[in-house]
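Enquirer: requesting a structural model of the entry that follows:
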Amino acid sequence: EMCIRDSNKSVAIELILALTFSHELPGNSVVLLTESSFFQRKYSSLYLMLNNYFCARNTKSDQRIILRRQERNKIIKHITSSYAKGCSRNVYALDTTNHYRSNAQKGRDRVNVRSKNNRFSEPGYEYSVLCNLKEKSWAIPTSITRVSSQENKYAIGVQQVIDAHSCGDVDSMTISIADAAYSNTGYLEPLYKQDNIINITRDRKNRAVYTMFTGEQKPKGRNRHYGDKINLSEHKDKLTPDNMVRFNHTSKKGKETEVVISEYHNLLVKGRKKQSMKKNPVNYVKVEVYDLEGSRVYKNDLWLCVSGKKRHLLKAQEVYDYYKSRFDIEHFFKFAKSKMRFDKLQTTNPKIDEDYCMFVMLSYNHLYHLKDYAGVATQHDWYSKKPQDPTPSAIYKSLSEIKHAFHGITTVSYTHLRAHETVLDL
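Expert: Residues are numbered from 1 along each chain as shown. Below is the predicted model of the structure:
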């Protein structure tokens, strides 16, 4: 629900609808969204709304940024709570994505980000994105924060996970999943202090781990915490798995493989002076995949680091399944950039770019809730006979039929011009 008090908020509603139903518009430019049947104003009102939404017209420019950030935090908290409440386990995927701004010479606070081929760097903006993985094939964005030149993406990711955890029930468990970039003490150590948060991160194959020291301590000096040093690439003669699971897996294409999962408990990793891990043991899960003839499918093993005070509550196969679902966030990045113009806004003000990303997040959430109406889509003869899951792409293809199912959805309403508040349900 959104309370509409002025025209800026009604333009915000129109922008969300235009982004959701952007399939009917040509090109990738953001200004073309104003040509949507949902957008009832001139193209200039789009930028004015991004600069003034939830602010009075006479508000000073520096105060507008504060008010917009406060309202954005309220929206993020509301969205996160709507998915987290009533769930005993809330699973989130965390990653960063880049918006390239090589030609924006006057763009403020640009940083060097990885290029598309991951070989070079180029100017742009980096965004930390947290997605809820409550449903298969869907990574629902609940928090998008820009990483400025003075901030660290790991610190921002930690805060995003903690804020998401606070939106759930008191006894709920939060499981955060990230790739190998987050397998460092700057991210793991702050979250280890939280009671009901478990982290699953991929680790590099040559990571050095240590056993817990169990010998007799010296009478003087510091106590010893680290035992034998073990390189994960040379672990076979030095580590014995505490648990091992084997099962067969059939891919969507019908390929059968055997998955072997080995679990190693209570290992230590090196930390830093301010982020010590000597008293924070972690579990490691090694995943090997073989074909029916016993040959390796992948050259390297998959190593997953499981950290947190309640890490033992997760079984080895659950850890593997959770990490596989992390790739849905990559699908969200691809879908949002190609279909919803996620990185197409051209502005020199990064604050406005961050606000626009919030509206893309709201539009994707709107698309997720439209999946319940996917049954009105026409099923052509050339479609696959197999039952299809309501994926984002499938819902996006059905938007034309979904739109026609709601009569009067594009009717212009001028009730927002009245003095009293009007509540619009999306």
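
Enquirer: A strand includes residue 187, no?
Expert: No: Residue 187 is assigned helix when assessed by DSSP: H, G, I helix; E, B strand; the rest coil, not a strand.

Enquirer: what's near enough to touch the nearest residue to it once chain neighbours are set aside?
Expert: Computed as CB to CB, 6 or more residues apart in numbering, the closest residue to residue 187 that is not its neighbour in sequence is residue 154, at 4.3 Å. Bear in mind the C-beta positions are built from the backbone N, C-alpha and C, glycine included. By CB atoms under 8 Å, 6 or more residues apart in numbering, the contact set of residue 154 is 182, 184, 186, 187.

Enquirer: do residue 210 as well
Expert: Here residue 210 is in contact with 226, 227, 228, 229, 230, 267, 268, 269, 270 (CB under 8 Å, 6+ apart).

Enquirer: quick one: average confidence on stretch 294-304?
Expert: For stretch 294-304, mean pLDDT is 92.

Enquirer: alpha carbons of that stretch, as CSV, please.
Expert: Extracted in CSV, the C-alpha atoms of stretch 294-304 (Å, rounded to 0.1, in the frame of the first residue of the first chain):
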residue,chain,number,x,y,z
GLY,A,294,33.0,-42.9,-12.3
SER,A,295,34.8,-40.0,-14.2
ARG,A,296,34.9,-36.5,-12.8
VAL,A,297,32.4,-34.1,-14.3
TYR,A,298,34.3,-31.0,-13.1
LYS,A,299,38.0,-30.7,-12.8
ASN,A,300,37.9,-28.9,-9.4
ASP,A,301,36.0,-29.7,-6.2
LEU,A,302,33.4,-27.3,-4.8
TRP,A,303,34.4,-26.1,-1.3
LEU,A,304,31.7,-24.4,0.8
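
Enquirer: pull the number of nearby residues for residue 359.
Expert: 21 (other CB atoms under 10 Å).

Enquirer: other SSEs contacting the helix or strand harbouring it?
Expert: Residue 359 is part of helix 350-369, with elements assigned from DSSP states H and E. Applying 3 or more CB pairs under 8 Å, 6 or more residues apart in numbering; DSSP states H and E, one finds that helix 350-369 makes contact with helix 7-20, helix 44-52, helix 61-84, strand 121-135, strand 138-147, helix 328-339, helix 392-397.

Enquirer: now stretch 186-194: buried residues?
Expert: For stretch 186-194, the neighbour count (16 or more other CB atoms under 10 Å) marks 186, 187, 188, 189, 190, 191, 192, 194 as buried.

Enquirer: pLDDT (mean, whole number) over it?
Expert: Mean predicted lDDT for stretch 186-194 stands at 94.

Enquirer: quick one: residues in contact with it.
Expert: Contacts of stretch 186-194 (CB under 8 Å, 6+ apart): 152, 154-155, 157-158, 161-162, 165, 176, 178, 182, 197, 199, 201, 269, 271-272, 275-277, 280, 282, 305, 307-309.

Enquirer: distance of residue 87 relative to residue 177?
Expert: Distance, residue 87 to residue 177, using CB to CB, to the nearest Å: 16 Å.

Enquirer: who has more neighbours out of the two?
Expert: residue 177 (26 against 15).

Enquirer: whatever helix or strand that one lives in pairs with which strands, parallel or anti?
Expert: In this assignment (DSSP H and E), residue 177 forms part of strand 173-178. Note on strand 173-178: by DSSP bridges, its sheet partners are strand 89-100 (parallel), strand 197-203 (parallel).

Enquirer: same list (those) but as CSV, adding mean pLDDT and mean neighbour count.
Expert: Formatted as CSV, the strands paired with strand 173-178 follow (pLDDT from 0 to 100; neighbours: other CB atoms under 10 Å):
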stretch, mean pLDDT, mean neighbour count
strand 89-100, 95, 22
strand 197-203, 96, 23
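
Enquirer: circling back: just say which of the helices and strands packed on helix 350-369 is most tucked in.
Expert: Mean neighbour count (mean count of other CB atoms under 10 Å) peaks for strand 138-147 among these, with a mean of 24.

Enquirer: distance from the next helix or strand after it to the middle of the chain?
Expert: Later in the chain than strand 138-147, the nearest helix or strand by DSSP H and E is helix 153-166. On the basis of CA atoms, centre = their mean, to the nearest Å, helix 153-166 sits 11 Å off its chain's mean C-alpha point.

Enquirer: and if you look at stretch 169-182?
Expert: 11 Å.

Enquirer: who's in contact with it?
Expert: In contact with stretch 169-182 (CB under 8 Å, 6+ apart) are residues 84-96, 133, 154, 157, 161, 164-165, 168, 187-188, 191, 196-204, 310, 313-314, 322-323, 325-326.

Enquirer: one step back: including distance to residue 295 and mean pLDDT, could the helices and strands packed on helix 350-369 go into CSV?
Expert: As requested, the helices and strands packed on helix 350-369 are exported to CSV (distance: least, CB to CB, whole Å; pLDDT from 0 to 100):
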stretch, distance to residue 295, mean pLDDT
helix 7-20, 46, 80
helix 44-52, 55, 82
helix 61-84, 42, 87
strand 121-135, 32, 93
strand 138-147, 33, 95
helix 328-339, 28, 94
helix 392-397, 34, 86
